[in-house]
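[1] The sequence isn't on hand, but the structure is:
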């Protein structure tokens, strides 16, 4: 059993609350899943969709796939042994932040529109004279339900962002994510593709800024922790 992490520094000031230790092997496996899954879906949509409707969705899926590789680079830099520096000490946490905000969020944004486009693709569903167009109705919203467990993951303190920003800011960021995903999906359904691009663009820019801030903040917190951490007791 690992020893409890110190909470008070040598100068009597509370130490920064860092995220718990993560198993980098689990996150490395997630990198593979997040690389192949969105990439496969992008190829499927590229072959089966209509250009006007699927363009931004393919871009989101490819962003998710590429961001997983970047997250893997951060995770691969994790080191706590001899020669470890402040950057390598936060490698897994930084990689987790990249995966959560630049891989999972674009995937969550792309999935509802992806299902809608595949369900209504005229290239996949050829219209014959006797064909009856059956609408899926509210069941089209089922893929969007995946956003709810992701929100729970973020707001219940499992996410890395929980340790980087204050609680009100964390809630504001995550509800903004939910709002922009819903807005982009509605715009896609109404064929308002310019509005969809604006909502998606705002979402991606916000995630990039948050990731930049989060990675630098984690490094700063680790530096403050190392400077104030009390020396280990001699055995």
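    Arrived safely. It should be emphasised that the depicted structure is a prediction, and the values quoted were computed from it without experimental measurement.

[2] Might one say that residue 101 is in contact with residue 209?
    No: contact criterion CB atoms under 8 Å: residue 101 and residue 209 do not qualify, at 9.9 Å. All C-beta spots, glycine's among them, are computed from the backbone N, C-alpha and C.

[3] Those two: which is more packed in?
    Per other CB atoms under 10 Å, whichever of residue 101 and residue 209 has more neighbours is residue 101, with 27 against 11.

[4] mind listing what that one touches?
    Contact partners of residue 101, counting by CB atoms under 8 Å, 6 or more residues apart in numbering, are 161, 207, 210-211, 214.

[5] can we see that at 6 Å?
    Residue 101 sits next to 207, 210-211 when contact means CB atoms under 6 Å, 6 or more residues apart in numbering.

[6] so of those residues, which ones are in helices?
    207, 210-211 (DSSP state H).

[7] So which of those residues wins on neighbours?
    So for the ones in helices among the contacts of residue 101 (other CB under 10 Å), the most neighbours sit at residue 207, 25 neighbours.

[8] Which pLDDT does the model give that one?
    Residue 207 is assigned 96 on the pLDDT scale.

[9] And it, how close does it get to residue 180?
    Noted for residue 207: a distance of 10 Å to residue 180, by CB to CB, to the nearest Å.

[10] and if you look at residue 92?
    Distance of residue 92 to residue 180, computed by CB to CB: 28 Å.

[11] Check residue 152 too.
    18 Å.

[12] Check residue 170 too.
    With CB to CB as the criterion, residue 170 and residue 180 are 16 Å apart.

[13] Neighbour count: the two, which is higher?
    residue 180 (21 against 18).

[14] correct me, but the more buried one touches residue 204?
    No: contact criterion CB atoms under 6 Å: residue 180 and residue 204 do not qualify, at 9.4 Å.

[15] Tell me where the chain has helices.
    24-48, 51-76, 86-89, 91-98, 105-119, 147-155, 167-189, 193-228.

[16] pLDDT below threshold where in this protein?
    Across the chain, residues meeting the criterion (pLDDT under 70) sit at 1-3, 45-54, 82, 119-140, 230-235.

[17] same thing but 50
    Scanning the chain for pLDDT under 50 picks out 1, 125, 127-128, 131-133, 234.

[18] circling back: next, format the ones in helices among the contacts of residue 101 as TSV and append distance to residue 70.
    Shown next, in TSV, are the ones in helices among the contacts of residue 101 (distance: CB to CB, whole Å):
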residue	distance to residue 70
207	12
210	15
211	9
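
[19] Closest to residue 23 out of the residues you listed?
    Nearest to residue 23 out of those is residue 211 (CB to CB; 21.3 Å).

[20] That closest one: what's it in contact with?
    97-98, 101-102 are the contacts of residue 211 under CB under 6 Å, 6+ apart.

[21] now do residue 42
    Here residue 42 is in contact with 58, 61-62 (CB under 6 Å, 6+ apart).

[22] Give me the distance between it and residue 215.
    Distance, residue 42 to residue 215, using CB to CB: 26 Å.

[23] Residue 117 - how many residues pack around it?
    20.

[24] re the thing from before, can you say which of the helices of the chain is nearest to residue 12?
    Across the helices of the chain, closest to residue 12 is helix 193-228 (CB to CB), at 9.2 Å.

[25] just checking, residue 200 touches residue 56?
    Yes: with contacts counted by CB under 6 Å, residue 200 reaches residue 56, the gap being 5.5 Å.

[26] More neighbours: which of these two?
    Neighbours were counted for residue 200 and for residue 56 using other CB under 10 Å; residue 200 has more, 25 against 21.
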